[in-house]
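> Any chance you can model this:
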Amino acid sequence: MKPNPSNVSPISRKDVVKTGLAPEDRRVISEHLSEILEESYSLLVKTQIVHWNVRSGAFLSIHELTEKQYGELFAAIDVIAERILALGFHVPSKQGSVLSPTGFSVDPKSSADDMLELLASAHESCASRAREIAEEAEEKSDFVTHDLLTERIGAHEKAIWMLRAHKTQG
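Numbering: from 1, shown residues only. Next up is the predicted model:
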């Protein structure tokens with residue numbers, strides 16, 4: 001995914017944290033983080049949709065798991081947004097479209113296993129994208145963003161494992 005140059009806009013020069021990252025590197029990383037932010041918001045909403053609609057003999061366990069996961073996603077979104085600000089850019093909103101899950105629909109009649117697999121697949125996509133951006137951040141010596149994304153990858157991998165562990169069928 002190529003960053004969209006209009007994803008981020010710089011904040012006042014006096015508010016920029018100057019720690020040795022080149023301005024162009026900060027812009028590119030901020031654009032990528034804005035994509036991660038959007039994907040994370042989308043995953044949060046998807047997780048809530050499953051949380052509300054899942055029906056299963058394991059309802060309570062899945063309900064509690066997804067509630068914990070969307071709470072963790074909410075906290076992570078704040079950290080990602082604050083990193084964009086620390087890099088010297090406004091947090092993009094795309095006129096609210098960040099709140100619309102893309103490429104995802106849940107049939108409320110779907111089985112719990114199907115819903116869990118949809119979420120696990122979405123986490124895999126987020127983890128894969130975070131890994132790509134973490135590598136680029138490291139190449140640009142942005143170790144803070146690299147560490148933030150490494151933590152996100154670990155959270156996504158744990159979520160994938162937990163979601164698939166709750167499935168009743170392979």
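> for the protein, which residue is closest to the average position?
Against the mean C-alpha coordinate of the chain, by C-alpha atoms, centre = their mean, the closest residue is residue 40 at 2.5 Å.
> OK, contacts around the residue lying closest to it once chain neighbours are set aside?
For residue 40, the nearest residue in space outside its immediate sequence neighbours is residue 77; the separation is 5.1 Å by C-beta to C-beta, 6 or more residues apart in numbering. Using the backbone N, CA and C atoms, a C-beta is placed for each residue, glycine as well. Taking C-beta atoms under 8 Å, 6 or more residues apart in numbering, we find residue 77 in contact with 37, 40, 41, 44.
> name the element the second one belongs to?
Translated: residue 40. Under the criterion of DSSP states H and E, residue 40 resides in helix 23-53.
> which parts of the helix or strand that that helix is followed by are buried?
On the C-terminal side of helix 23-53, the nearest following helix or strand under DSSP H and E is helix 59-86. Going by neighbour count (16 or more other C-beta atoms under 10 Å), the buried part of helix 59-86 is 62, 65-66, 69-70, 73, 76-77, 80-81, 83-84, 86.
> just the angle between the following helix or strand past helix 59-86 and helix 59-86, please?
Using DSSP H and E, the helix or strand that directly follows helix 59-86 along the chain is helix 112-139. Relative orientation of helix 112-139 and helix 59-86, computed by axes from the mean of the first three to the mean of the last three C-alpha atoms, to 10 degrees: 20 degrees.
> Now do the following helix or strand past helix 112-139: everything it contacts.
Next helix or strand after helix 112-139 toward the C-terminus (DSSP H and E): helix 143-165. The contact list for helix 143-165, computed with C-beta under 8 Å, 6+ apart, reads 29, 33, 36, 40, 65, 69, 72, 76, 79-80, 83, 86-87, 116-117, 119-120, 123-124, 126-127, 130-131, 133-134, 137-138.
> just checking, residue 87 touches residue 19?
No - between residue 87 and residue 19 there is no contact under C-beta atoms under 8 Å: 9.7 Å.
> More neighbours: those two, which one.
residue 87 (26 against 11; other C-beta atoms under 10 Å).
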